[in-house]
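>>> coordinates only, sequence not included:
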């Protein structure tokens, strides 16, 4: 099992099965962040509201994703994504030359 699979397996019970992520819609997308443009809130412990998921899309460099509930610290590699469940607390630690963006998802209405 990869670090990413282990991280996602250990996430909160609200996580939909991977195939049901297709039933979610993207309602917002962040700009592409770099080490110098990442918003401070993303580097502090925070969470998403009920019914909202986040998908971190990692483009390049190094990025650590921390999740106290999952008791995991995940090093994302180029091209990988990580799903954050509703109300799951987490934060990121950007490394050098990092580029990533976040898609925010919710159920179709």
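Received, thanks. Remember, it's a predicted structure, so these values are computed and weren't measured experimentally. Numbers count the residues shown, from 1 in each chain.
>>> Find the residue closest to residue 63 in space, skipping its chain neighbours.
For residue 63, ignoring the flanking residues on the chain, the nearest one in space by CB to CB, 6 or more residues apart in numbering is residue 76 at 4.7 Å. All C-beta spots, glycine's among them, are computed from the backbone N, C-alpha and C.
>>> buried set for stretch 102-109?
102, 103, 104, 105, 106 (16 or more other CB atoms under 10 Å).
>>> And the third one, how far from residue 23?
Taken as CB to CB, to the nearest Å, the spacing of residue 104 relative to residue 23 amounts to 15 Å.
>>> Helix or strand next in line after the lowest-mean-pLDDT helix or strand in the chain, which one?
Each helix and strand of the chain was given a mean pLDDT (mean pLDDT, DSSP states H and E); the minimum falls on helix 3-9 at a mean of 49. Moving toward the C-terminus from helix 3-9, the next helix or strand (DSSP states H and E) is strand 24-29.
>>> just how off-centre is that following strand within its chain?
Its chain's C-alpha centre and that of strand 24-29 lie 13 Å apart, by CA atoms, centre = their mean, to the nearest Å.
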